[in-house]
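let me see the structure of the following:
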Amino acid sequence: MNEAEKALGEENLGRATQQQTLALDRLRQGTQSVAEQVLQSLATRFGQGGQRNKDPFGRPERTRGPDLGTSVKVPDEIDIQRAREILDELRKRLGEPSRPLLELDYLERLIQQF
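The predicted structure is shown next:
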């Protein structure tokens, strides 16, 4: 476009027209390239490509066949023990009447979830 502007300033209308045509062609090519990238991104995101097992939000899709157990993490003994320790600590703190009422209410709500 700068070249077209320069040619217009020099009153060279033929060259200005050529430069404008060239600039418009480059804009069309750029627009086409961006459109192709967007389509490719959408195709990948919506299952046509590398992420077939993902929903539009990137979460794993539910399986349609038998679940072979690869998607379920069974807690091991360390996880279970840690959960028990946390629950015991919550119960201990809930049994301390000297704690602020706001904290006791919060602890009670936490324990209700278990």
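
so where do the helices sit in this protein?
Taking DSSP state H as the criterion, the chain contains helices spanning 2-9, 13-45, 77-94, 101-112.

which stretch in those helices has the least confidence?
Ranked by mean pLDDT, those bottom out at helix 2-9, with a mean of 78.

how near is Asp25 to Gln37?
19 Å (C-beta to C-beta, to the nearest Å). Yep, even glycine has a C-beta here, placed from its N, CA and C like the rest.

one more: Gln20?
The spacing between Gln20 and Gln37, counted by C-beta to C-beta, is 26 Å.

which of these two has more neighbours?
Gln20 (16 against 10; other C-beta atoms under 10 Å).

my read: that one touches Met1, true?
Yes: between Gln20 and Met1 there is a contact under C-beta atoms under 8 Å: 7.2 Å.

surely Ile111 meets Leu94?
Yes: look at Ile111 against Leu94 with C-beta under 8 Å: they come within range, at 6.4 Å.

for Pro60, find the nearest of the helices of the chain.
Taking C-beta to C-beta, helix 13-45 is the member of the helices of the chain nearest to Pro60, at 14.0 Å.

starting at the chain centroid, how far to the closest one?
Mean C-alpha position of helix 13-45 versus that of the full chain (C-alpha atoms, centre = their mean, to the nearest Å) differs by 28 Å.
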